[in-house]
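1. below: sequence and its predicted model.
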Amino acid sequence: MTQQHSQTSHGAEIVSLWQHQAKRDISALSEMRSYWESLRGGRLVPLRSEIDPREITGALEYGFILERLQPGAIRFRLAGMHLNDLMGMEVRGMPLRSFISPSSRARFSAMLERVFTQPEIHEYIMISEDTNGSLLRARLLILPLKSDGGKVDRAIGCFTTEGVVGLAPRRFRVQETRVTSLINGEQTREVSPEEQHVKDTPLASGFGETQQPFTAQAGCPEGGPHLRLVVSDTPQD
């Protein structure tokens, strides 16, 4: 009976630690965004020089600062230890897209440019599978900053994961992108084409009805209309 109690206590301890880590990771995202908003005040974007690491100690392990050297070249200037663990090496100087799987990289890079050019707040929901099939879920938050010259060519952010890191490097497939415009406050959520394709894949034979082919209708271009899933989160008046 003593042995059974010991095993139960140990299992409860593991669950407690896991829940604690998940809560800590979520709070790191909240802490980073709240700090950025406090610096921003009524302005469009805060300055990089205003960042004080002592004000975001709970997010430093997951935090990073990016620099946009030129279109398509966005690299880490600073990065927390968690990012190094995910890549299995020091990531300072590496492009952010190094964390993204090849299948998602082109679309991710195009979206990322908008953080600086629009500017926008981006949050990505991602997933990674290692060679052993171990799943690792992630959230990536990117918040634009101005350099001292007044150009939006810096960004601060947070990269948290849920699960065991396992074998590095871990590369992530983007499942969903959430965007907030800093010009008009509009919020949109977009599912990546890959994930939408997975959701729309017909059931295997024997488990669903026969899929009828779609044919173009009058007023539609050949092959039918092309849809892009965009969900507006802007509150209605």
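-> Done, it's in. Numbers count the residues shown, from 1 in each chain.
2. from here on, contacts and neighbour counts on C-alpha atoms
-> OK.
3. can you count the residues close to the nearest residue in space to residue 91 that is not next to it in sequence?
-> Spatial nearest neighbour of residue 91, chain neighbours left out: residue 84 (5.8 Å); criterion: C-alpha to C-alpha, 6 or more residues apart in numbering. Burial of residue 84 is recorded as 17 neighbouring residues (other C-alpha atoms under 10 Å).
4. residue 84 touches residue 90, doesn't it?
-> Yes. Counting by C-alpha atoms under 8 Å, residue 84 does reach residue 90; the two are 5.2 Å apart.
5. rewinding a little: contacting residues around whatever helix or strand the residue nearest to residue 91 lives in?
-> Residue 84 is located in helix 81-87, with elements delineated by DSSP states H and E. Helix 81-87 is contacted by residues 61, 62, 90, 91, 99, 159, 160, 165, 168, 169, 170 when judged by C-alpha atoms under 8 Å, 6 or more residues apart in numbering.
6. now, those residues that are in strands?
-> When strands are assigned by DSSP state E, the members of the contacts of helix 81-87 inside them are 159, 160.
7. could you dump the contacts of helix 81-87 to CSV with pLDDT?
-> CSV is the format used below for the contacts of helix 81-87 (pLDDT from 0 to 100):
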residue, pLDDT
61, 96
62, 97
90, 97
91, 98
99, 98
159, 98
160, 97
165, 91
168, 91
169, 94
170, 95
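8. ok, of the contacts of helix 81-87, which one's closest to residue 177?
-> Compare each of these with residue 177 using C-alpha to C-alpha and the shortest gap goes to residue 159, at 14.0 Å.
9. next up, the contacts around the residue nearest to that closest one when sequence neighbours are not counted.
-> Nearest residue to residue 159, sequence neighbours excluded (C-alpha to C-alpha, 6+ apart): residue 140, at 4.6 Å. Under the criterion of C-alpha under 8 Å, 6+ apart, the neighbours of residue 140 are 122, 123, 124, 125, 126, 157, 158, 159, 160.
10. report the beta-bridge partners for residue 140.
-> Residues found in beta-bridge contact with residue 140 (criterion: DSSP bridges) are residue 124, residue 159.
11. ditto for the one 5 residues further on
-> With DSSP bridges applied, the residues forming beta bridges to residue 145 are residue 154.
12. number of nearby residues for it?
-> For residue 145, the count of nearby residues is 29 (other C-alpha under 10 Å).
13. kindly report the same for residue 80.
-> Using other C-alpha under 10 Å as the criterion, the residues surrounding residue 80 number 19.
14. so it touches residue 60, yeah?
-> Yes. Checked against C-alpha under 8 Å, the pair residue 80 and residue 60 is within contact range at 5.8 Å.
15. now the element after the helix or strand encompassing residue 35, going C-ward?
-> Residue 35 is part of helix 2-40 when elements are defined by DSSP H and E. Toward the C-terminal end, the helix or strand that comes next after helix 2-40 (DSSP H and E) is strand 63-70.
16. what are the buried residues along that next one?
-> By neighbour count on 16 or more other C-alpha atoms under 10 Å, the buried set for strand 63-70 is 63, 64, 65, 66, 67, 68.
17. partner strands of it and their direction?
-> Strand 63-70 is paired, per DSSP bridges, with strand 73-79 (antiparallel), strand 154-162 (antiparallel).
18. what residues does the first one touch?
-> Read that as strand 73-79. Under the criterion C-alpha under 8 Å, 6+ apart, external residues in contact with strand 73-79 comprise 61-69, 91-96.
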